[in-house]
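A.B. asks: sequence and computational prediction follow.
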Amino acid sequence: MLKWVHAQWQVFLGIGIFIAVIPINAFINVKFKLVPRRGFLRMETTLGLRFFMGMMALIYINLISLLLIPGFPVAVPFSGSVVLLLAIMIWG
């Protein structure tokens, strides 16, 4: 059962980047004393909240693309979702 599920280096790289961004985010918030701001999300958000919302969008876009189009190359929705993540982080 589930023999196709096995750890690959891409999974470890993604989890490592995700975990590494959290203390970087905390350092930026403390160092520059960021305040919540309004962007295109139409609500006050902090950098950490925008990061979380962007990661949720990234995860859902990739999962939905895997479910709807199984033979589609993974790089296409991943690159699009990374662009969305960066847009939410910068302008959200």
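C.D. replies: Now that the structure is in, tell me what you want to look at. Numbers count the residues shown, from 1 in each chain.
A.B. asks: put the alpha carbons of stretch 37-50 into CSV.
C.D. replies: These are the backbone C-alpha positions of stretch 37-50, laid out as CSV (Å, rounded to 0.1, in the frame of the first residue of the first chain):
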residue,chain,number,x,y,z
ARG,A,37,-0.3,46.9,6.4
ARG,A,38,-3.1,46.7,3.9
GLY,A,39,-2.4,45.4,0.4
PHE,A,40,-4.4,43.8,-2.3
LEU,A,41,-5.7,41.3,0.2
ARG,A,42,-7.9,44.0,1.7
MET,A,43,-7.0,43.3,5.3
GLU,A,44,-4.2,44.2,7.6
THR,A,45,-1.5,41.5,7.4
THR,A,46,1.9,41.0,8.8
LEU,A,47,4.8,39.5,6.9
GLY,A,48,4.3,36.2,8.7
LEU,A,49,0.6,36.1,7.8
ARG,A,50,1.3,36.8,4.2
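A.B. asks: run through who's touching it.
C.D. replies: Residues outside stretch 37-50 that contact it (C-beta atoms under 8 Å, 6 or more residues apart in numbering): 25-26, 28-29, 34, 36, 53, 88-89, 91-92. Using the backbone N, CA and C atoms, a C-beta is placed for each residue, glycine as well.
A.B. asks: if I look at V82, how far off is M55?
C.D. replies: 11 Å (C-beta to C-beta, to the nearest Å).
A.B. asks: where in the chain is pLDDT low?
C.D. replies: Where the chain drops to pLDDT under 70, the residues are 1-5.
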